[in-house]
Each structure stands twice: as structure tokens, then as C-alpha cells.
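Asks: need a structure here:
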Amino acid sequence: MKKVSISLFITLLAVLGVLAQTKPQDYLFKVLISSGDNSIIKNGKWETVKIGTQLGKNDQVRVEGFLGLQHNSGKTVEIKTAGTYKVADLVSKVPTGNSSVAEKYASFVAKRMAGGGNGGTNQNATGASERGIYLFANLPYKAAGGTLVIGDKLTIHWIKDPQKKTKTYNVKLEDMYGEKLMSTPLTDTSYTIDLTKLKPGESYNLHITSKENTLYQSDDNPYVIQRPDAKTEKEILNEFASLKPAEGELTAMEAVSIAGFFEEKKLIVNAAEYYEKAMKLEPNVPEFKETYKKFIKENKIGKLDEEEKKKTK
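Replies: So this is what the prediction gives:
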């Protein structure tokens, strides 16, 4: 009986030893973006890096473009300088701060950046010379219950009158009873609203109109914005503070992580702001623009200007 018990014990140790070798303890990073000619050494040969590839501590990568990685803590790292890197050395580039919040939204960000995860590279998703994206307005159209926004300010922007008849636009904000909070004429195509003047939990109609062109207006179908209730807003802002980089300037990958956080919270306008920041931070990495295009399409934020559509085909 003792021999059987000892034999089973030894077998169990052997199985545990195999499991210890195969568990994902060597997985350090996952590839979210690979733009340009980047490769990883596999079986003694350099192979093209694919989206979703997991990098272990013993791997090496060769970067000749832009490589966006997600650490197993959920935090992101960018490699932009050409060269060959040991993956184990890249851990030192992982930003400090709260890992639990970043890890919570890691899978959401990974799915968004992979575009659904086709296992291939995303370097040819769209041309780097593609022109900018223009929205009618950076707000979801007729969102159920209104579009939630947080923070002290909301900057809205819209495309110019395509008929080129407008010299003056007007932005008007009113409550659901038709009482006007503000109305201002302007020649620019953007305006910043002071959200502190909006009552938490209440919805407001936002109108964008043209003084000269009656066809260019949102009066019949205003955009609806709403601040969350005070308790919810405080909770979201506290969690957001944990996601912001503890030191240094915001990177494009960090901006996408924050955008994913806001998108998960259904704060679509706030998410759009950070997707746009990612594009501005890395204008030569087309994957950020492609991710933004998918985002605005899925959330029905607006529409691409028809003339711009023709130019990007």
C-alpha cells in the first residue's frame, strides 16, 4: 500500500512539474499593434510579428517600425526606436502605478486594437497618407437616454458646411423643458461647453445650426447630453485617476487604454477624445486611425464627410 502511495505521489509530482513548465509564467507581453517590418525569432528564424502574439521572457523582437505591447499586468509599452530587443529587458519600460485597474480593461483594449482579432498583422489596415477623419459632430446620434459625459468641459466639433454657404454657426444648449442655458454665434467649427453648469442626472438638448443655410442644422434632431449622477461620476473619475500615467507624458498606447476604459463605461464622447489623442501622438501609425474609424462607426458618433470618403478610397 505504501509503495502504491509513493508511486502515486511521484507521478503527481511529475505531472505538477510539467504543468509548472507549461503555465503562462513566461508570458510577459502580448502584441496589440505591429506597424512596419517587425519580427520575432522563432525556431532560430526571424518571422513577422502577428497581432495577438505572446512574447515570453526568452524571446527577442526586431523592430523597424512601431510595436505596441500590452504587459501581463494590463499596462502598455511602445517600441519606436529601430533595433533588436530582449523581451525580458522590456519589462523595465512598463509604467508604474495601479495595475489592477489596467488589467481589468486589458482584454477590452486588446480586442479593440486587434479589430476583432484575426491573428494577422494590421500594418496594411489603412494607408499612412490617408486624409483626416471629419465628423458632423463628435456626439452619438440619438443615443438612448442621451450621451453620458464626465469632466468639467466638453469640446464639440463638426465639419464645415459642405455647401460652403455658412459664415456663422450657432450653438445652443437647453434643458428638456426648452429653457435656454446658452446660445452663442461663432465662425469656428468647435465650441467648449462648461459641464459644471449642467445638473447631474439630467439631460440637455444641444443644437448646432447655420445662420445662412437652413439645410445645415440639427434643430429637428438635437444631440442629447447628460452628466451621470454625482456618486457615479465620482466613482468613474477615481477609477480614471488610477489609469492615468503616474509620471511622464501620455503615450498613444496609454491613450487607447484610457479610451477603452471610457468606452466600456459607455462614456463615448470621452472615449473619442482619447482615441483622437492617440492619433495625434502617433500620426504615422495608421492603426490608431483605423481603430478610431471602427469606433465611430460602431457607436454611430457621426458620419465621415462624403468628400473625404471619396479621397480615402
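
Asks: quick one, strands of the stretch 101-250 of the chain?
Replies: Assigned by DSSP state E, counting those that start in this stretch, the strands in the stretch 101-250 of the chain fall at 147-148, 153-157, 169-175, 180-186, 190-194, 203-210, 223-226.

Asks: Which stretch among those approaches residue 54 most closely?
Replies: Relative to residue 54, the nearest member of the strands of the stretch 101-250 of the chain by C-beta to C-beta is strand 147-148, separated by 35.0 Å. C-beta here means a position set from N, CA and C on the backbone, and glycine is covered the same way.

Asks: Tell me the strands beside the closest one, with direction?
Replies: Sheet pairing for strand 147-148, assigned by DSSP bridges, gives strand 223-226 (parallel).

Asks: Residue 240 is nearest to which of the strands of the stretch 101-250 of the chain?
Replies: For those, the distance to residue 240 is smallest for strand 147-148, at 13.5 Å, taking C-beta to C-beta.

Asks: So what touches the closest one?
Replies: 139-140, 223-228, 265-269 (C-beta atoms under 8 Å, 6 or more residues apart in numbering).

Asks: cool, and stretch 162-176?
Replies: In contact with stretch 162-176 (C-beta under 8 Å, 6+ apart) are residues 156, 158, 160, 180-189, 191, 193, 202-213, 215-216, 305-307.

Asks: What distance do you get for residue 94 to residue 41?
Replies: 22 Å (C-beta to C-beta, to the nearest Å).

Asks: Can you pick out the residue with more neighbours from the two?
Replies: Neighbour count, other C-beta atoms under 10 Å: between residue 94 and residue 41, residue 94 has more, with 20 against 14.

Asks: picking up where we left off before, can you tell me which of the strands of the stretch 101-250 of the chain is packed in deepest?
Replies: Greatest average neighbour count among the strands of the stretch 101-250 of the chain goes to strand 147-148 (a mean of 23), per mean count of other C-beta atoms under 10 Å.
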